[in-house]
Every structure is written in structure tokens, then in C-alpha cells.
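I'd like to go over a predicted model; first the sequence, then the structure.
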Amino acid sequence: MAQPLFTQLYGLNFQIWALISPEMHKKLKKYAVENHLASTRAKMIMYILYNFHPDQLLEDYTFQSKVGRMVNIKVSDAELEYIKSLAQRYNVTISRLLRNMVYTYFHIMEKEAKSLLKAK
């Protein structure tokens with residue numbers, strides 16, 4: 001039986017799970033540390049959700065659930081509602097939203113970096 005996408009903890013907090021590809025799992029930590037943005041993968045995902053607003057999400061076709069890496073994120077009621085509203089906006093499940101938001105973020109960042117290198 002599949003686990004629920006989020007569970008209520010004691011108090012106001014919830015947990016959500018993001019299942020992402022091993023490549024994105026490594027990139028999250030590396031990018032967060034190198035750019036002093038967040039100290040954990042979970043915080044980096046939350047940073048992306050609140051600071052990155054693409055017109056459309058790209059699908060991570062490299063993702064395979066059997067080799068996916070799990071990231072557990074503790075969120076407040078308000079954060080969970082925000083994430084639910086994003087999932088509804090993009091018409092995807094929360095898990096797919098988190099996975100594809102991370103993938104889209106890095107895809108765009110790498111594309112911009114390549115453009116800057118070409119401009120030099």
C-alpha cells in the first residue's frame with residue numbers, strides 16, 4: 001500500500017515526501033551549499049518553491065521510482081496549503097510538483113549558465 005503524500009505531525013506541522021532522481025538529489029545539496037542558500041535538501045526545495053515561478057514545469061524523464069531518492073520536508077499548515085495550490089496550478093500531484101520543480105529549476109539555471117558562457 002502506498003504511503004500518503006503527507007502526514008500530520010503533532011501540532012501544526014505536516015510532512016511531505018519528494019521522490020527525486022539521484023542526479024537531482026546530488027544537485028540540490030551541491031547547489032545549496034555552494035550558493036549558501038540552504039543547509040539541507042528539504043530547505044533547498046522550499047527555497048525553490050517560494051522563489052522560482054516558471055510558466056510551466058518540465059518533466060524529469062530521467063526519474064525512475066525504483067532508484068529515486070526520498071527527501072522528507074516538514075511544513076506548516078500555511079506552507080502545505082501553498083504547495084497544494086501550486087500543485088493545483090500546474091495540475092500535478094504534490095510529489096510530481098516537487099520533483100519537476102527541482103528539475104525545472106536546475107534545467108533553467110544550467111541553460112542560463114551556458115548562455116552566459118557563450119556571451120563571453
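Alright, I've got the coordinates.

For the rest of this, base every contact and every neighbour count on C-alpha atoms.
Will do.

Next, count neighbours for Y61.
Here the number of neighbours of Y61 (other C-alpha atoms under 10 Å) works out to 9.

Now the nearest residue to I94 once chain neighbours are set aside: which helix or strand?
Nearest residue to I94 in three dimensions, chain neighbours excluded: A87, at 5.5 Å (C-alpha to C-alpha, 6 or more residues apart in numbering). Element membership of A87, judged by DSSP states H and E, is helix 77-90.

Report the next helix or strand after that helix in sequence order.
As assigned by DSSP H and E, the chain's next helix or strand after helix 77-90 is helix 94-119.

helices or strands next to the helix holding A87 in the packing?
Other elements packing on helix 77-90 under the criterion 3 or more C-alpha pairs under 8 Å, 6 or more residues apart in numbering; DSSP states H and E are helix 94-119.

In the helix it packs on, which residues are buried?
If you call a residue buried by 16 or more other C-alpha atoms under 10 Å, then helix 94-119 has these buried ones: 94-106.

Let me see the confidence value for Y105.
Among the per-residue scores, Y105 shows a pLDDT of 95.

so where is the chain shaky, pLDDT-wise?
In the predicted model, the chain carries pLDDT under 70 at residues 1-12, 120.

again, only this time at 80
When residues are selected by pLDDT under 80, those of the chain lie in 1-12, 37-39, 117-120.

on that earlier part again, out of the buried residues of helix 94-119, which comes closest to I20?
The shortest separation between I20 and any of the buried residues of helix 94-119 is 5.3 Å, and it belongs to R99 (by C-alpha to C-alpha).
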